[in-house]
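Undergrad: Coordinates for the following, if possible.
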Amino acid sequence: MTKILHVDDDESFRHLVSEYIKNYFGIPIDSVTSGNEAKKRIDGGHRYQLIISDLMMPDGNGNELFQFVNDRLFQTYFIFLTNSPHLVQVSDPNIFYCIIEKTEMRKLREKIELAIYY
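TA: Down below sits the predicted model:
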């Protein structure tokens, strides 16, 4: 079963994305407000096929969460949602990730399809 985690400190945007995914794909989604909450879920045994993360959050950033997941050798597709794509720092060319601006919902849908169906 596909598992998706959405990490964003913006409550209204987090709700919008979660509802969009539930309604469009019919997939339940776990949503958390911070990178620390996401790390606790992952350390608690949750595994996700896809993580959608805001880049800038009060308790850290999406780059740190990406590295946290990558350090644990999990095969996870990662989507950064940001209005500052130049701040994404991914050094491993073998990791599958993409960067989407928060206003590009159609592109988000396409990348989610890629992550969960292929």
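Undergrad: what about the helix or strand where Arg14 lies, average pLDDT?
TA: Element membership for Arg14, per DSSP states H and E: helix 11-25. For helix 11-25, mean pLDDT rounds to 91.
Undergrad: pLDDT score assigned to Thr2?
TA: Thr2 carries a pLDDT value of 80.
Undergrad: Just give me the neighbour total for it.
TA: 15 (other CB atoms under 10 Å). C-beta coordinates here come from the backbone N, C-alpha and C atoms, glycine included.
Undergrad: Helix, strand or coil: sort out it for me.
TA: coil (DSSP: H, G, I helix; E, B strand; the rest coil).
Undergrad: For Ile79, see how far away it is.
TA: 14 Å (CB to CB, to the nearest Å).
Undergrad: Assumed Leu65 was part of a strand.
TA: No: under the criterion used here (three-state DSSP), Leu65 is helix, not part of a strand.
Undergrad: hang on, it packs against Ile51?
TA: Yes: at 7.2 Å, Leu65 and Ile51 qualify as touching, with contact defined as CB atoms under 8 Å.
Undergrad: anything in contact with each of these two?
TA: 7, 38 (CB atoms under 8 Å, 6 or more residues apart in numbering).
Undergrad: List the buried residues for stretch 69-77?
TA: Burial within stretch 69-77, assessed by neighbour count using 16 or more other CB atoms under 10 Å, is assigned to 69-70, 76-77.
Undergrad: re earlier: who touches both of Thr2 and Ile79?
TA: With CB under 8 Å, 6+ apart as the test, Thr2 and Ile79 both reach Leu50.
Undergrad: The residue positioned nearest the centre of the chain: what's it in contact with?
TA: The residue lying closest to the centre of the chain (CA atoms, centre = their mean) is Ile52, at 1.4 Å. Counting by CB under 8 Å, 6+ apart, Ile52 touches 4-8, 17, 79, 81, 108, 112.
Undergrad: In these, which has the lowest confidence score?
TA: Within these, lowest confidence goes to Leu81 (80).
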